[in-house]
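*Asks:* I'd like to go over a predicted model; first the sequence, then the structure.
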Amino acid sequence: MMKFLILFVLWCLLFVAAWPLALLALVLWPVVWVLTLPFRLLGIAVGAVFALLRAILFLPARLLGWKPHAH
């Protein structure tokens with residue numbers, strides 16, 4: 001919620017300073033979001049693959065009774 005408030009205040013300042021640029025940013029933001037969506041999905045997939053590899057590598061230790069420490 002705080003992040004949204006900061007972004008809104010910054011956009012308002014940009015609107016006061018250069019309103020055409022602020023309106024362009026407002027219109028282009030959904031386009032940028034859609035273009036970055038595949039990269040975010042790829043990041044989630046890569047993270048899942050690393051989690052799977054970690055689970056596979058630590059399986060023998062977990063079967064022998066090792067428990068991970070809480071951070």
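*Replies:* Thanks, I have it.

*Asks:* And the helix or strand hosting Phe8, what does it pack against?
*Replies:* Using DSSP states H and E, Phe8 sits in helix 2-17. For helix 2-17, the packing partners by 3 or more CB pairs under 8 Å, 6 or more residues apart in numbering; DSSP states H and E come out as helix 19-63. To be clear about C-beta, it is placed using only N, CA and C from the backbone, and glycine gets the same treatment.

*Asks:* Report the mean per-residue pLDDT for the helix it packs on.
*Replies:* Mean pLDDT, computed over helix 19-63, is 94.

*Asks:* tilt between it and helix 2-17?
*Replies:* Interaxial angle, helix 19-63 versus helix 2-17 (axes from the mean of the first three to the mean of the last three CA atoms, to 10 degrees): 160 degrees.

*Asks:* And helix 19-63, what does it pack against?
*Replies:* Using 3+ CB pairs under 8 Å, 6+ apart: helix 19-63 touches helix 2-17.

*Asks:* could I get the helix it packs on in PDB with only the CA atoms?
*Replies:* Provided in PDB are the C-alpha atoms of helix 2-17 (Å, rounded to 0.1, in the frame of the first residue of the first chain):
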ATOM      1  CA  MET A   2       2.800   2.400   0.900                       C
ATOM      2  CA  LYS A   3       4.500   1.600  -2.400                       C
ATOM      3  CA  PHE A   4       1.400   2.600  -4.300                       C
ATOM      4  CA  LEU A   5       1.200   5.800  -2.400                       C
ATOM      5  CA  ILE A   6       4.800   6.700  -3.200                       C
ATOM      6  CA  LEU A   7       4.300   5.900  -6.900                       C
ATOM      7  CA  PHE A   8       1.100   8.000  -6.900                       C
ATOM      8  CA  VAL A   9       2.800  11.000  -5.300                       C
ATOM      9  CA  LEU A  10       5.700  10.700  -7.800                       C
ATOM     10  CA  TRP A  11       3.300  10.500 -10.700                       C
ATOM     11  CA  CYS A  12       1.500  13.600  -9.400                       C
ATOM     12  CA  LEU A  13       4.800  15.500  -9.200                       C
ATOM     13  CA  LEU A  14       5.600  14.400 -12.800                       C
ATOM     14  CA  PHE A  15       2.100  15.500 -13.900                       C
ATOM     15  CA  VAL A  16       2.700  19.000 -12.400                       C
ATOM     16  CA  ALA A  17       6.200  19.200 -13.900                       C
END
